[in-house]
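Trainee: sharing a sequence plus its predicted fold:
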Amino acid sequence: MSGPSPAVTHNPVGLEYNNEPSGTGALAGSFDKSVLQISDWLTWEQNMIKIQSVLVDDGDAVRLAIEKQEKVLRELKMKKPQLNELVHTAEVLKGDVKRQQLQEKETYAQHVAGRLNVFRLNRIAMRMFPTEP
């Protein structure tokens, strides 16, 4: 039998940036984890809102519901910097992918240009030194 399972937290962690290309994988993993945590937290809050029903004539229940919603609003405001960080991370990752794609295209273009040069040199050599059948 295995030990107790780790507790699931609904509070996203901060992200660490590594501007080196090798850091893209770690950054993507951290990004995915943070997005999942925020998504889980939002889903949980949505479900809590759906199951909350309050009778309008029950003043105490209405006040309690308002307090709960104010707490959620405060939590959302606290998470805004983390959400902004996620947006920034997404832009960094998007830029890294585009840079990588451009590098791959440039490498391929250089490869094709090299093959074209070899082909041209072979044609010139064939003209200069024709082989007899």
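Mentor: Alright, I've got the coordinates. Owing to the predicted nature of the structure, the values given are computational and were not obtained by experimental measurement.
Trainee: just the element for residue 105, please.
Mentor: Here residue 105, judged by DSSP states H and E, is contained in helix 59-128.
Trainee: buried set for whichever strand or helix holds residue 40?
Mentor: In this assignment (DSSP H and E), residue 40 forms part of helix 24-51. By neighbour count with 16 or more other CB atoms under 10 Å, helix 24-51 contains the buried residues 24, 27, 28, 30, 31, 34, 37, 38, 41, 45. Yep, even glycine has a C-beta here, placed from its N, CA and C like the rest.
Trainee: ok so, going back, list the helices and strands the helix holding residue 105 packs on?
Mentor: Contacts defined by 3 or more CB pairs under 8 Å, 6 or more residues apart in numbering; DSSP states H and E place helix 59-128 against helix 24-51.
Trainee: got the angle for the helix it packs on vs helix 59-128?
Mentor: 150 degrees (axes from the mean of the first three to the mean of the last three CA atoms, to 10 degrees).
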